[in-house]
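Engineer: The amino acid sequence is not available; the structure is as follows:
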């Protein structure tokens, strides 16, 4: 058997003896620096196994000579963060909007905490940008059924709207058609009247016919001028902002069915500090008063 090494004439490198389609494989050694790095990683790994927790046992693991635990580090960091959060929460609780705005650190904390809580609890209905959808209010504008001050927003978040809380925000739009409180012709005329309040195109004769009926049935909550009353959560019918849509058919559907959504009372799920932060965040979106 020929044991002589074959040297490639072009590169001067020994071949492995493998050949495919006339191409011979060269036995090129790894760079020396690469080998030293590889050996160093092996030494480092062995040292890590000895110094730090590494090997699983039946009921625990090897603690290592340094007895160091990243779990303990994380637990310590979480306790520190919780302590800091509680301290900032105490400062936030009961602070006025002016006091919060005058404290950049407190304002940033409230906005960030409120934004996080909003994403977890409110964005499903109001949208990630709080833009709202049909049946769910837009929180970026200045249209507020119950008031847009920081205290009023906080109260709404805390107690909810038509929720299970005994002190919840409560309003009721009668279902004039479904419960046969009014005749369909009267509902048609009322639709024209409400459409006219916001500057929409309406039948003047119908508006004249139903003016007295509006005062009799609707003015107690919406006011004689249709501008709404916050103490009842009754919307302004003159601003052309509609929760369930402002077309003629959508307005009629609201009069017929008297729809009213439910907002949970978040005090049953969120702590007071988080509710404060949520109120500050919603107030800062652009529509707060």
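Structural biologist: All right, it came through fine. Note that this is a predicted model, so its numbers are computed, not measured.
Engineer: Only C-alpha atoms from now on, for both contacts and neighbour counts.
Structural biologist: Will do.
Engineer: Next, work out how far apart residue 196 and residue 242 are.
Structural biologist: Distance, residue 196 to residue 242, by C-alpha to C-alpha, to the nearest Å: 14 Å.
Engineer: same question, residue 32
Structural biologist: According to C-alpha to C-alpha, residue 32 stands 75 Å off from residue 242.
Engineer: And residue 123, by the same measure?
Structural biologist: Shown here: residue 123 relative to residue 242, a distance of 20 Å by C-alpha to C-alpha.
Engineer: looking just at contacts, which helices and strands does the helix or strand hosting residue 99 meet?
Structural biologist: Using DSSP states H and E, residue 99 maps to helix 97-101. With contacts taken as 3 or more C-alpha pairs under 8 Å, 6 or more residues apart in numbering; DSSP states H and E, helix 97-101 sits against helix 104-121.
Engineer: can you pull out the helices in the stretch 51-200 of the chain?
Structural biologist: Using DSSP state H, counting those that start in this stretch, the helices found in the stretch 51-200 of the chain span residues 70-92, 97-101, 104-121, 123-126, 150-159, 184-197.
Engineer: Need those in JSON lines (columns: distance to residue 39, mean pLDDT and mean neighbour count).
Structural biologist: JSON lines is the format used below for these (distance: least, C-alpha to C-alpha, whole Å; pLDDT from 0 to 100; neighbours: other C-alpha atoms under 10 Å):
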{"stretch": "helix 70-92", "distance to residue 39": "27", "mean pLDDT": "80", "mean neighbour count": "13"}
{"stretch": "helix 97-101", "distance to residue 39": "58", "mean pLDDT": "79", "mean neighbour count": "14"}
{"stretch": "helix 104-121", "distance to residue 39": "47", "mean pLDDT": "91", "mean neighbour count": "18"}
{"stretch": "helix 123-126", "distance to residue 39": "53", "mean pLDDT": "96", "mean neighbour count": "16"}
{"stretch": "helix 150-159", "distance to residue 39": "62", "mean pLDDT": "94", "mean neighbour count": "21"}
{"stretch": "helix 184-197", "distance to residue 39": "82", "mean pLDDT": "96", "mean neighbour count": "20"}
